[in-house]
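> the following comprises the amino acid sequence and a computationally predicted model.
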Amino acid sequence: MKINKDINGLVLIDKPEGMRSTECVNKIKYLLSAKVGHAGTLDSTASGLLIILLGKNTRMFDYFMTQMKLYKVTLKFGAATDTCDYSGDIIFKYDKEFNVNNKMLDDILPGFYGWRLQRPPEISALKINGVPAYKLARSGQDLDLKSRAVFIESIKRISQVEDNCAELEILCGRGTYVRSIVRDIGERLGCGAFVKALRREAIGKFKVEDALNMNEIANASDIKIINL
C-alpha cells in the first residue's frame with residue numbers, strides 16, 4: 001500500500017468493547033492510506049477513547065502518554081481473576097458471607113491517591129525481555145513482575161454499592177493499570193474484586209464524546225481528521 005505522506009493529524013475513535021485497538025488502527029490505516037500510530041491502546045474488554053496519530057503526528061506518542069487519562073470502571077466484589085477483569089479465569093472466590101457498602105469503599109479510596117507502587121497484571125501487553133507478559137503467563141511460566149511507580153490524581157465512587165458492584169471514576173497518569181487498581185481494592189477489602197466494565201472517557205483535553213464510533217466508519221469520508 002502506498003502511503004499518503006500529506007495526511008497528518010489525529011483521529012478520535014470511540015472503540016467498542018470486544019474490539020482490539022490494533023483493529024481500529026489498521027482500519028484507519030487502510031482507509032486513509034496513511035502512516036498511523038496510536039496514543040495508548042485499550043484492552044479488548046474495554047471501550048472508549050482511542051487516539052490514532054497520523055503522519056508527522058505519530059511523533060507525538062510520548063506527549064500523549066504523559067497526559068492524564070480519565071476512566072470509569074465498574075467493580076465486582078467477591079472474586080478475583082487472572083486477568084483482573086471479567087474475561088479471565090477465577091483464581092479466588094470469597095465463599096464467606098460479605099457485604100461491601102459505600103462507607104467501606106469510601107474509607108479505603110484515599111489510600112490510592114498520589115504516587116504509589118503498582119504491580120502490573122500478569123495478563124497484559126507489558127513486555128518482559130521483549131515478550132508480552134500474557135504470552136509468558138499463558139505458557140505456564142512464573143512471572144516476576146516488578147512493581148512500578150504510577151500516579152493517581154483522583155479516585156472516587158460515583159454510584160451506590162449495589163449487588164456487590166460499584167462504579168468509580170479514576171484520573172491517572174502514564175503506565176497505570178486500572179485493572180490492577182481494582183485488584184488491589186479487592187485485596188484491601190479482603191473479598192477480592194475484578195473489572196466488570198471499563199471505559200476511557202478522556203486523554204488530556206480530548207474527550208470520548210467528540211470521538212467517532214468505530215462501528216460507523218465504513219469509508220475514508222466518514223473519518224474526521226483533527227489538524228494540530
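Done, it's in. Numbering: from 1, shown residues only.
> okay, buried residues for stretch 158-172 please.
Within stretch 158-172, the residues that count as buried by 16 or more other C-beta atoms under 10 Å are Val161, Asn164, Cys165, Ala166, Glu167, Leu168, Ile170, Leu171, Cys172. For the C-beta atoms, the positions are set from N, CA and C on the backbone; glycine is no exception.
> mind listing the residues bridging to the fourth one?
Using DSSP bridges, the beta-bridge partners of Ala166 come out as Leu75.
> could you do the last one as well?
Listed beta-bridge partners, Cys172: Lys69, Ile152 (assigned using DSSP bridges).
> tell me the contacts of it?
With contact set as C-beta atoms under 8 Å, 6 or more residues apart in numbering, Cys172 has these partners: Met68, Lys69, Tyr71, Val150, Phe151, Ile152, Glu153, Ile155, Val178, Ile181.
> please, which helix or strand holds the residue most central in space within the chain?
Residue closest to the average C-alpha location in the chain (C-alpha atoms, centre = their mean): Leu42, at 4.7 Å. In the assignment (DSSP states H and E), Leu42 maps to no helix and no strand.
> can you pull the contacts of it?
Contacts of Leu42 (C-beta under 8 Å, 6+ apart): Lys15, Ser21, Gly48, Leu50, Arg200.
> now swap in Gln118 and tell me
Ser147, Arg148, Ala149, Val150, Thr176, Tyr177, Ser180, Ile181, Asp184.
> min pLDDT across the contacts of Leu42, which one?
By pLDDT, Ser21 ranks lowest within the contacts of Leu42, coming in at 94.
> follow-up on the earlier one: highest neighbour count among the contacts of Gln118?
Ile181 (26 neighbours; other C-beta atoms under 10 Å).
> ok, the closest residue to Asn164 other than its chain neighbours to Arg183 distance?
Leaving aside its sequence neighbours, Asn164 sits nearest to Phe77 (C-beta to C-beta, 6 or more residues apart in numbering; 4.3 Å). Note on Phe77: its distance to Arg183, by C-beta to C-beta, to the nearest Å, is 12 Å.
> check Lys76 too.
From Lys76 across to Arg183, the span is 12 Å (C-beta to C-beta).
> the two: who's more crowded?
Arg183 (24 against 20).
> what is the mean pLDDT for the one helix or strand the more buried one maps to?
Using DSSP H and E, Arg183 falls within helix 178-189. The average pLDDT within helix 178-189 is 97.
> residue ranges of each domain in the protein, please.
Domains of the chain are assigned by automatic domain parsing as 9-66+204-222, 71-199.
> re earlier: tell me how far the residue nearest to the centre of the chain lies from Glu167.
18 Å.
> pretty sure Ile91 contacts Thr81?
Yes. Look at Ile91 against Thr81 with C-beta atoms under 8 Å: they come within range, at 6.2 Å.
> which one's more surrounded, those two?
Higher neighbour count among Ile91 and Thr81: Thr81, with 23 against 13, using other C-beta under 10 Å.
> so what's the more buried one up against?
By C-beta under 8 Å, 6+ apart, the contact list for Thr81 reads Ser87, Gly88, Asp89, Ile90, Ile91, Phe194.
> in terms of pLDDT, where does the nearest residue to it once chain neighbours are set aside sit?
Using C-beta to C-beta, 6+ apart and skipping the chain neighbours, the partner closest in space to Thr81 is Gly88 (3.4 Å). pLDDT, Gly88: 93.
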